[in-house]
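Asker: Predicted model and sequence follow; I will ask about them next.
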Amino acid sequence: MTEDLDLIKRLDSMCAERSTLDSHLEQVRELFYPAAMPFNRQDTPGQKVHEKVFDSTPEQAAELLSAGLQAMLTNPSVKWFALRPLDDRLAENEEVALWLEHVSDRLYAVFNSPATNFTPQQHEKYMDLSCFGTGVMYIADRPGKLPLFSTRPLAECFLAESEEGRIDTVYRKFELTARQAVQRFKNVTERIGKAADDPKKQDEKFRFLHAVYPRSNRQPDKMDRKNLPFASCWVAIDDKAILDEGGYHELPFTTPRWMKRAGEVYGRGPGMKALPDARMLQRVMKVTIRGVEKMIDPPLIVADDGVMSPIRVTPSGMNYARWDLMSGSGSPIRPLETGGQPDLGDMFMGDIRKRIDAAFYTPLLQFARDPQMTATQVLQITEQVMQTLNPILGRMQAEDLGPMIDRVFGIMLRAGMFDEPPEAIQGQEIKVEYVSPVAKTQRIGEARAIAQLYEIALPMLQANPQLADNLDDDAAFRGTADLLGVRKDFMRGTEQRDQMRQARQQAAEQENEMAMMQGAADIASTGSQAVANLSKLGPETQVAGNA
């Protein structure tokens with residue numbers, strides 16, 4: 001009873017600490033991501049969510065940035081990571097390299113499987129990250145099945161950092177119906193059980209808490225559910241009762257942040273940066289719409305006591321007026337010229353839209369996708385995008401991609417989904433290398449430097465071949481292949497390469513020996529033939545020859 005109360009008290013404290021941020025995030029949600037869960041109220045399912053939106057530029061900018069992040073970081077059509085041993089000496093071991101290639105292939109199969117739901121859930125996380133600056137994804141371990149990815153609404157998740165500045169605690173407050181609660185938990189409270197048994201109350205909703213945090217008191221030598229590194233507690237909030245308790249080998253949540261201020265836990269995204277412009281855009285668009293309406297359907301000036309019936313402004317409407325008011329050039333009913341200039345509103349909104357697009361890197365992303373650009377131009381634009389987004393992408397690798405791969409690798413390893421590792425790699429640490437288009441672009445400069453070295457050095461090598469002694473061609477070639485993300489099974493191991501070279505050298509030596517033997521045999525045969533020819537000559541010929 002004490003533990004569940006402590007968990008609920010900490011949840012209340014975390015909610016209070018985030019109350020100021022929630023009001024800020026709600027304003028961002030209304031304009032940039034209306035489909036997201038509200039932060040300070042509860043929507044009725046199916047209700048309209050675009051009441052405050054008159055211009056969709058902010059939402060479109062967020063969607064474009066999210067799609068760009070997915071294409072650059074976790075594109076399902078290309079490989080975006082590779083595994084390598086932390087000890088670089090093992091990287092040249094062909095058996096180890098092939099096993100790591102096998103492991104990465106199995107990991108890709110999980111990430112790309114429709115059963116894991118990774119691709120759509122990752123896009124939702126990118127949307128939260130772009131708009132709110134923080135995303136939360138839960139990776140479920142389902143025994144006998146593949147892992148399941150699920151992006152949780154930031155509105156229901158509350159985070160805490162460790163002393164190292166890493167998110168290590170996630171409290172999730174959510175609702176389930178009584179029927180769903182009975183399906184989810186083996187044991188429920190008496191109140192929830194009664195509601196589930198009553199057909200009229202089984203859809204009644206109850207509040208629950210899922211608390212995941214580092215377990216301080218545990219026995220590391222025991223790996224049962226209550227001694228794993230991270231504790232997991234499911235609490236019925238209203239009944240103040242723990243329904244289930246367990247643990248995780250790794251933190252099951254990934255919580256990337258776009259950027260953060262010192263002393264804050266939650267991130268700040270482009271949506272928060274562009275919020276003032278987005279609010280101004282909606283206001284100007286609303287006024288401009290009113291101005292256009294007045295020009296298309298202007299207000300009317302009506303002569304006092306000059307119209308015989310109520311004014312009809314519908315198409316083909318008939319209005320009757322006194323004949324004496326109709327005789328002059330004027331009219332008893334005429335439009336009111338307001339002098340409005342909607343084009344000024346369009347110009348003003350154009351500037352605002354540019355600022356919003358700049359906050360979401362839209363110009364860079366659109367240039368990179370221009371089909372008329374040459375390959376060189378695409379590379380230059382991509383490098384510019386990388387330079388601009390490099391700090392963000394580095395944080396993404398540290399707080400999202402790396403922990404996500406570690407979590408899935410751990411689940412699959414414990415489930416026996418990999419082949420037996422080679423003896424050389426057992427007990428060794430493995431590191432993740434990112435080979436996505438973004439990572440390749442970040443590393444292409446080094447590969448280009450190697451190619452430029454050979455290109456520039458070619459005339460010098462022709463003038464002085466001994467300069468080639470300074471170059472390790474094998475290391476340069478294999479290093480370039482690594483930088484370009486070439487699959488390990490496309491490259492021969494160093495042992496196999498050396499064996500091939502040795503066999504080629506032996507074959508060449510044998511060929512030279514055979515050639516030398518053949519030459520000696522030819523010389524001997526020529527000498528024997530000469531002696532035979534001399535023996536056929538008579539004594540007189542020999543004497544004459546001597547003379």
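Answerer: Cool, the structure landed.

Asker: Strands along the stretch 101-250 of the chain, start to end?
Answerer: Counting by DSSP state E, counting those that start in this stretch, residue ranges of the strands within the stretch 101-250 of the chain are 137-140, 148-151, 157-161, 167-177, 205-214, 230-236, 241-248.

Asker: Could you export the helix or strand containing Asp12 as PDB, CA atoms only?
Answerer: Assigned by DSSP states H and E, Asp12 belongs to helix 2-17. The C-alpha trace of helix 2-17 is given here as PDB (Å, rounded to 0.1, in the frame of the first residue of the first chain):
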ATOM      1  CA  THR A   2       2.900   2.400   0.800                       C
ATOM      2  CA  GLU A   3       4.600   1.800  -2.600                       C
ATOM      3  CA  ASP A   4       1.500   2.500  -4.600                       C
ATOM      4  CA  LEU A   5       0.800   5.700  -2.700                       C
ATOM      5  CA  ASP A   6       4.400   6.700  -3.300                       C
ATOM      6  CA  LEU A   7       4.100   6.100  -7.000                       C
ATOM      7  CA  ILE A   8       0.800   8.100  -7.200                       C
ATOM      8  CA  LYS A   9       2.400  11.000  -5.100                       C
ATOM      9  CA  ARG A  10       5.300  11.100  -7.500                       C
ATOM     10  CA  LEU A  11       3.000  11.100 -10.500                       C
ATOM     11  CA  ASP A  12       1.100  14.100  -9.000                       C
ATOM     12  CA  SER A  13       4.400  15.900  -8.400                       C
ATOM     13  CA  MET A  14       5.500  15.300 -12.000                       C
ATOM     14  CA  CYS A  15       2.200  16.500 -13.400                       C
ATOM     15  CA  ALA A  16       2.400  19.700 -11.300                       C
ATOM     16  CA  GLU A  17       5.900  20.400 -12.500                       C
END
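
Asker: residues near Val212, how many?
Answerer: 21 (other Cβ atoms under 10 Å). Glycine gets a C-beta too; all of them are placed from N, C-alpha and C.

Asker: May I have the beta-bridge partners of the spatially closest residue to Met404 that is not a sequence neighbour?
Answerer: Once flanking residues are discounted, Met404 sits nearest to Thr254: 4.9 Å by Cβ to Cβ, 6 or more residues apart in numbering. Taking DSSP bridges, one finds Met137 as the beta-bridge partners of Thr254.

Asker: ok, Thr254 to Arg322 distance?
Answerer: 77 Å (Cβ to Cβ, to the nearest Å).

Asker: before we move on, the earlier item: just name the most buried of the strands of the stretch 101-250 of the chain.
Answerer: With neighbours defined as mean count of other Cβ atoms under 10 Å, these peak in mean count at strand 230-236, which reaches a mean of 21.

Asker: That strand - contacts with which helices or strands?
Answerer: With contacts defined as 3 or more Cβ pairs under 8 Å, 6 or more residues apart in numbering; DSSP states H and E, strand 230-236 has these neighbours: helix 2-17, strand 205-214, strand 241-248.

Asker: picking up where we left off before, can I get the CA coordinates of the next helix-or-strand element following the helix holding Asp12 in CSV?
Answerer: Elements were assigned by DSSP H and E; along the chain past helix 2-17, the next helix or strand is helix 19-32. C-alpha atoms of helix 19-32 as CSV (Å, rounded to 0.1, in the frame of the first residue of the first chain):
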residue,chain,number,x,y,z
SER,A,19,1.7,22.2,-15.8
THR,A,20,3.3,25.3,-17.2
LEU,A,21,4.8,23.4,-20.1
ASP,A,22,1.5,21.7,-20.9
SER,A,23,-0.2,25.1,-21.6
HIS,A,24,2.6,25.9,-24.0
LEU,A,25,2.4,22.5,-25.7
GLU,A,26,-1.4,22.8,-26.1
GLN,A,27,-1.0,26.0,-28.1
VAL,A,28,1.5,24.2,-30.3
ARG,A,29,-0.8,21.2,-30.7
GLU,A,30,-3.8,23.3,-31.8
LEU,A,31,-1.8,24.8,-34.7
PHE,A,32,0.9,22.3,-35.7
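
Asker: what comes into contact with the helix or strand that helix 19-32 is followed by?
Answerer: With elements assigned by DSSP H and E, the helix or strand that comes after helix 19-32 is helix 57-73. With contacts defined as Cβ atoms under 8 Å, 6 or more residues apart in numbering, helix 57-73 is touched by 31-34, 53, 80, 119, 122-123, 126-127, 129-131, 270-271, 274, 278, 281, 353, 356-357, 359-362, 365-366, 385, 393, 396, 401, 436-438.

Asker: List the buried residues of helix 57-73.
Answerer: By 16 or more other Cβ atoms under 10 Å, the buried positions in helix 57-73 come out as 57-73.

Asker: same check, this time on stretch 352-367
Answerer: Ile352, Arg353, Ile356, Asp357, Ala358, Ala359, Phe360, Tyr361, Thr362, Leu364, Leu365, Phe367.

Asker: Next up, the contacts around Met272.
Answerer: Going by Cβ under 8 Å, 6+ apart, Met272 touches His24, Leu25, Val28, Phe132, Gly133.

Asker: List only buried entries from those.
Answerer: Counted by 16+ other Cβ under 10 Å, those give Leu25, Val28, Phe132, Gly133 as buried.

Asker: These into a markdown table, with extra columns for pLDDT?
Answerer: Shown next, in a markdown table, are the buried ones among the contacts of Met272 (pLDDT from 0 to 100):
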| residue | pLDDT |
| --- | --- |
| Leu25 | 95 |
| Val28 | 96 |
| Phe132 | 96 |
| Gly133 | 95 |
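
Asker: ok, Gln496 to Asp472 distance?
Answerer: Gln496 sits 19 Å away from Asp472, going by Cβ to Cβ.
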